[in-house]
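>>> Task: produce atomic coordinates for the following.
(one chain, ligands or ions: 1)
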Amino acid sequence: MQILDGKISSQAIKNQLKEKVTQLSAARKKIPHLAAILVGSNGASETYVAAKVKACEEVGFISTLVRLETTISEKELITEIEKLNSNQAIDGILVQLPLPKHISETAIINAISPAKDVDGFHPINVGNLVQGNSSFVSATPFGIILLLQHYKIETKGMHAVVIGRSNIVGRPMSILLSENKNPGNCTVTLCHSQTKNMKAICQQADLIIAALGKPKFVTADMVKEGAIVIDVGITRLEDATKKTGYKLVGDVDFDNVAPKTSWITPVPGGVGPMTIAALLQNTFHSCSQKN
Ligand code: GUN
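From the prediction side, this is the model:
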């Protein structure tokens, strides 16, 4: 068993981006600028946005954090997004999800300019992804592709089983893995809460992507000897022994599954850091189109 180390791999990507920013700076070209909108004060969202802003600083990007009250109306939030859409200095915009219940996430995603949608959530970007055109790709599945690339893992012909059909992870992941690319060229099965014989399907998988948000859902009896297992889950479980008061648990029962695998991602330190590296890549790409 070998670890797919997201910390090492994301650091390599960040180092490359840092080098590119130094070159842009020397050539007096535009430096990538990411704007993040955080509505309210959801604990997990605070942590994720802080990590994104910190990563921007690390590689030399400019970042703007727009904090808005949880009581903001949908219309007012759209006005804030429109200001960022028309601000030439901003290359990438992300609105951290989830949003308060009175705001439609669809309406908000649709308000972001597709050219600045570095989260890859806008229907134009999703449509381009589905059609195999150039597009911004949602950071978590894109980060998983970058992780497989970093470790030079050949996925051609594999049976990939994606568990979870979210717009952010499962669905775009299934499309990326089915593309005629490397990583890609897989036969893909997308499983979800209504799937029958989940265990039997997973047992056939050469590659499992667990993205359903249920701690330790993937158990050793579901995994074929030598399979690759990628764990997208990051559930916070209360743990009084931790300084934060919680521990992070993945969708995979790591201790029992790991010995059966050829490659596996840990939680934390697997997919999480790659998501941020992918977001930075998307932001750099958006800026290069202007430079
Ligand atoms: N909430 C959970 N994951 C994400 C993400 O990738 N982007 C945004 N904006 N919100 C999220």
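>>> Please list the residues of the stretch 151-291 of the chain that sit near the ligand.
Residues of the stretch 151-291 of the chain lying near the ligand by CB under 6 Å from any ligand atom: Ile168. (Each C-beta comes from the backbone N, C-alpha and C, glycine too.)
>>> For the stretch 51-200 of the chain, which segments count as helices?
Listed in chain order, the helices of the stretch 51-200 of the chain (DSSP state H, counting those that start in this stretch) span 74-86, 105-111, 123-130, 139-150, 170-178, 198-203.
>>> Let's have those in CSV, adding distance to Val161 and mean neighbour count.
Shown next, in CSV, are the helices of the stretch 51-200 of the chain (distance: least, CB to CB, whole Å; neighbours: other CB atoms under 10 Å):
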stretch, distance to Val161, mean neighbour count
helix 74-86, 36, 15
helix 105-111, 27, 16
helix 123-130, 20, 17
helix 139-150, 14, 24
helix 170-178, 10, 23
helix 198-203, 6, 16
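>>> now these in a markdown table, with mean pLDDT?
Shown next, in a markdown table, are the helices of the stretch 51-200 of the chain (pLDDT from 0 to 100):
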| stretch | mean pLDDT |
| --- | --- |
| helix 74-86 | 98 |
| helix 105-111 | 98 |
| helix 123-130 | 98 |
| helix 139-150 | 98 |
| helix 170-178 | 98 |
| helix 198-203 | 98 |
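>>> closest one to Ile264 among those?
helix 139-150 (11.5 Å; CB to CB).
>>> which helices and strands sit right next to the closest one?
Counting contacts by 3 or more CB pairs under 8 Å, 6 or more residues apart in numbering; DSSP states H and E, helix 139-150 packs against helix 6-26, helix 170-178, helix 271-288.
>>> Out of the ones you listed, which is closest to Gly245?
The nearest among these, by CB to CB, is helix 271-288 at 18.8 Å.
>>> Val130 reaches Ser174, doesn't it?
No - with contact defined as CB atoms under 8 Å, Val130 does not count as touching Ser174 (10.5 Å).
>>> ok, back up a step: Lys75 is nearest to which of the helices and strands packed on helix 139-150?
Nearest to Lys75 among those is helix 271-288 (26.1 Å), distances taken as CB to CB.
>>> mean confidence for that closest one?
Helix 271-288 shows a mean pLDDT of 98.
>>> and the direction of that helix versus that of helix 139-150, what angle?
Angle of helix 271-288 versus helix 139-150, following axes from the mean of the first three to the mean of the last three CA atoms, to 10 degrees, is 100 degrees.
>>> Would you mind getting the angle between helix 271-288 and helix 6-26?
Calculated by the same axes, to 10 degrees, helix 271-288 forms an angle of 20 degrees with helix 6-26.
>>> And helix 271-288, what's buried?
Neighbour counts over helix 271-288 (16 or more other CB atoms under 10 Å) mark 271-284, 286-287 as buried.
>>> now that helix, how far from the chain's geometric center?
Chain-centre distance of helix 271-288: 9 Å, with CA atoms, centre = their mean, to the nearest Å.
>>> Now do it: which elements does it pack against?
In terms of contacts (3+ CB pairs under 8 Å, 6+ apart), helix 271-288 is packed against helix 6-26, strand 33-39, helix 43-59, strand 92-95, helix 139-150.
>>> go with 7 Å
helix 6-26, helix 43-59, strand 92-95, helix 139-150 (3 or more CB pairs under 7 Å, 6 or more residues apart in numbering; DSSP states H and E).
>>> May I have that helix as PDB, with CA atoms only?
Output of helix 271-288 as PDB, limited to C-alpha atoms (Å, rounded to 0.1, in the frame of the first residue of the first chain):
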ATOM      1  CA  VAL A 271      -7.900  15.300  -1.300                       C
ATOM      2  CA  GLY A 272      -8.400  18.400   0.900                       C
ATOM      3  CA  PRO A 273      -5.000  20.100   0.100                       C
ATOM      4  CA  MET A 274      -5.500  19.100  -3.600                       C
ATOM      5  CA  THR A 275      -8.800  20.900  -3.700                       C
ATOM      6  CA  ILE A 276      -7.100  24.100  -2.800                       C
ATOM      7  CA  ALA A 277      -4.200  23.600  -5.300                       C
ATOM      8  CA  ALA A 278      -6.800  23.000  -8.000                       C
ATOM      9  CA  LEU A 279      -8.600  26.300  -7.100                       C
ATOM     10  CA  LEU A 280      -5.300  28.100  -7.300                       C
ATOM     11  CA  GLN A 281      -4.600  26.500 -10.700                       C
ATOM     12  CA  ASN A 282      -8.000  27.700 -12.000                       C
ATOM     13  CA  THR A 283      -7.400  31.200 -10.700                       C
ATOM     14  CA  PHE A 284      -4.000  31.300 -12.400                       C
ATOM     15  CA  HIS A 285      -5.600  30.000 -15.600                       C
ATOM     16  CA  SER A 286      -8.300  32.700 -15.500                       C
ATOM     17  CA  CYS A 287      -5.600  35.400 -15.000                       C
ATOM     18  CA  SER A 288      -3.400  34.100 -17.800                       C
END
